[in-house]
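Engineer: Based on what follows, work out the 3D shape:
(one chain, ligands or ions: 2)
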Amino acid sequence: MQEADPINPQRLFWDLNEHLPEDAIVSADSGSSANWYARDLKLGPTHMASLSGTLATMGPGVPYAIAAKFCHPNRPAVALVGDGAMQMNGMAELITAKKYYKEWADPRLVVLVLNNRDLNQVTWEQRALKGDPENPMTQRIPEVNYAAFADLIGLKGIRVETPDEIEGAWDEVLGADRPAVLEAVVDPEVPPLPPHITFEQAKHFAEAVLHGDEGRRSMIRHSLRQLVDVVTPGR
Ligand SMILES: Cc1ncc(C[n+]2csc(CCOP(=O)(O)OP(=O)(O)O)c2C)c(N)n1
Ligand SMILES: [Mg+2]
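Structural biologist: Ligands and ions are numbered 1, 2, ... in the order given. A predicted model of the protein is given here:
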């Protein structure tokens with residue numbers, strides 16, 4: 001529930017807990033979605049779920065969800081994917097979903113796209129492991145309207161730009177009569193802080209800030225907020 005600019009990505013996963021159908025099959029990609037999937041999503045015994053195998057390659061999120069639909073056409077599938085992975089192959093795989101969805105007993109295949117215009121997981125890896133500031137030349141990726149692309153090819157697309165739109169958007173995409181993209185414009189400066197950060201990681205993180213990372217102001221603000229919540233739970 002901590003504020004971010006414009007949306008804290010964790011909020012999408014937290015709110016999904018209230019909307020995820022009991023028989024849903026969930027997939028998450030290699031990217032920041034893997035952090036929030038692990039940290040914020042509560043899966044029950046009736047769910048099935050997969051992460052990118054051995055946390056290795058980007059790109060399996062949408063194909064895993066399509067595979068789930070072929071194995072269990074009567075169960076809804078939800079893929080949790082970054083914008084980089086969508087640009088790599090996820091957008092093309094939406095065309096596959098369009099080709100086959102009428103053959104599925106339950107047509108629901110929802111793709112959450114975290115639109116952060118960044119290869120965010122690696123941006124944070126470089127900050128925490130090496131103390132390197134964000135390198136805009138390698139990390140930033142082009143702005144694309146993923147919801148409009150879904151509409152264009154005959155699927156459903158919804159784009160949210162404020163946190164208060166999230167609840168209604170989950171209802172809409174999970175109630176759709178076809179595969180749907182929920183595109184959320186999220187803040188790339190929310191740190192994926194592990195629950196037990198090591199001294200080395202904290203040191204490198206501080207170095208990245210000192211080396212003039214462009215996002216340093218909001219990084220510091222978000223990190224402090226998360227730490228305060230850890231030491232004062234239930235505030
Ligand atoms: C094919 C491939 N290229 C590069 C990587 C390294 N890598 C892991 S996560 C990541 C960034 C993912 O970016 P995006 O899909 O936009 O997700 P975000 O972390 O921004 O949410 C990269 C480059 C990888 N795992 N696989
Ligand atoms: Mg991204």
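
Engineer: Which secondary structure element of this protein has the lowest mean pLDDT?
Structural biologist: Lowest mean confidence among the helices and strands of the chain (mean pLDDT, DSSP states H and E): helix 216-231, at a mean of 70.

Engineer: Pull up the residues of the protein that are close to ligand 1.
Structural biologist: Proximity of the chain to ligand 1 (C-beta under 6 Å from any ligand atom) is limited to residues 30-33, 56-58, 82-85, 114, 116, 118-122. All C-beta atoms are positioned from the backbone trio N, CA, C, and that covers glycine.

Engineer: Cross those against helices and list the overlap.
Structural biologist: Judged by DSSP state H, the residues of the chain next to ligand 1 include Ser32, Ser33, Asp83, Gly84, Ala85, Asn120, Gln121, Val122 as members of helices.

Engineer: okay if I get the residues you listed as JSON lines plus pLDDT?
Structural biologist: Converted to JSON lines, these look like this (pLDDT from 0 to 100):
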{"residue": "Ser32", "pLDDT": "96"}
{"residue": "Ser33", "pLDDT": "97"}
{"residue": "Asp83", "pLDDT": "98"}
{"residue": "Gly84", "pLDDT": "98"}
{"residue": "Ala85", "pLDDT": "98"}
{"residue": "Asn120", "pLDDT": "97"}
{"residue": "Gln121", "pLDDT": "95"}
{"residue": "Val122", "pLDDT": "95"}
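
Engineer: So which of those residues reach ligand 2?
Structural biologist: Among those, the ones lying close to ligand 2 by the criterion of C-beta under 5 Å from the ion are Asp83, Gly84, Asn120.

Engineer: of those residues, closest to Asp187?
Structural biologist: Comparing these against Asp187 with C-beta to C-beta places Asn120 closest, at 9.7 Å.

Engineer: what about the residue lying closest to the closest one once chain neighbours are set aside, neighbour count?
Structural biologist: Residue nearest to Asn120 in three dimensions, not counting chain neighbours: Ser32, with 4.6 Å by C-beta to C-beta, 6 or more residues apart in numbering. Per other C-beta atoms under 10 Å, the neighbour tally for Ser32 reads 27.

Engineer: can you pull the contacts of the residue of the chain found nearest ligand 2?
Structural biologist: Of all residues in the chain, the one sitting closest to ligand 2 is Gly82 (3.9 Å; C-beta to the ion). For Gly82, the contact set (C-beta atoms under 8 Å, 6 or more residues apart in numbering) comprises Asp29, Gly31, Ser32, Ser33, Met58, Val113, Leu114, Asn116, Leu119, Asn120, Gln121.

Engineer: The residue nearest to the second one when sequence neighbours are not counted pairs with what?
Structural biologist: Using C-beta to C-beta, 6+ apart and skipping the chain neighbours, the partner closest in space to Gly31 is Gly82 (3.6 Å). Listed beta-bridge partners, Gly82: Leu114 (assigned using DSSP bridges).

Engineer: ok, which stretches of this protein are helices?
Structural biologist: For the chain, the helices defined by DSSP H occupy 9-16, 32-40, 61-71, 83-85, 91-100, 120-125, 136-139, 146-152, 166-174, 199-210, 216-231.

Engineer: ok, and which of the ones you listed has the densest surroundings?
Structural biologist: Mean neighbours per residue, mean count of other C-beta atoms under 10 Å, is largest over the helices of the chain for helix 83-85, with a mean of 25.

Engineer: Packing partners of that one?
Structural biologist: Under the contact definition 3 or more C-beta pairs under 8 Å, 6 or more residues apart in numbering; DSSP states H and E, helix 83-85 sits against strand 109-115.
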